[in-house]
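K.L.:
Here's a sequence, model it:
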Amino acid sequence: MKIIYLIIGMISLTLGVIGIFLPILPTTPFLLLTSFCFAKGSERFHRWFTGTSIYKNHLDDFVQNRAMSLRTKFSILIPASLMLLFPLILVDHTAMRLFIGFLYLCKYYYFIFKIKTI
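P.N.:
Presented below is the predicted three-dimensional model:
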């Protein structure tokens, strides 16, 4: 099972690093997944990852203070909202549209009220 966590961690780390350079791909969720997978898969990889500048620049504030900068919040919310917009427009099923609208509400509620802004 640990090898699966390491593989998923490496894939999410790669996607997170790509997301640093491509604004359409959110960085923070992939790096959070990387941290989780490395913590479950290998103490050595987790120590290495938490010592990198990528971790310190993108996750350290969130992990330490449960807070994000406004820029980080926007860099997560905007691409995720745009990705949810496509199925909202393209799907004709009313229940699916309501579910996507519910996802929007939950996502914005969590980011606005549950995560502090620094």
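K.L.:
Residue 2 contacts residue 39, doesn't it?
P.N.:
No - proximity of residue 2 to residue 39 does not meet the contact threshold set by CB atoms under 8 Å, at 11.0 Å. Yep, even glycine has a C-beta here, placed from its N, CA and C like the rest.
K.L.:
So which of the two has more stuff around it?
P.N.:
The residue with more neighbours, out of residue 2 and residue 39, is residue 39; 16 against 11, by other CB atoms under 10 Å.
K.L.:
Distance of that one relative to residue 16?
P.N.:
15 Å (CB to CB, to the nearest Å).
K.L.:
now the helix or strand where residue 11 lies, how far from the centre of its chain.
P.N.:
With secondary structure defined by DSSP states H and E, residue 11 is part of helix 2-21. In terms of CA atoms, centre = their mean, to the nearest Å, the centre of helix 2-21 is found 12 Å from the chain centre.
K.L.:
Let me know the average pLDDT across it.
P.N.:
Helix 2-21 shows a mean pLDDT of 92.
K.L.:
Give me the most central residue, this protein.
P.N.:
Taking CA atoms, centre = their mean, the centroid of the chain lies closest to residue 29, which sits 1.2 Å from it.
K.L.:
tell me the secondary structure for that residue?
P.N.:
Recorded secondary structure, residue 29: helix (DSSP: H, G, I helix; E, B strand; the rest coil).
K.L.:
per-domain residue ranges of this structure.
P.N.:
The chain breaks down by automatic domain parsing into domains covering 1-65, 67-118.
K.L.:
end-to-end on the last one?
P.N.:
Separation of the first and last residues of domain 67-118 by CA to CA, to the nearest Å is 6 Å.
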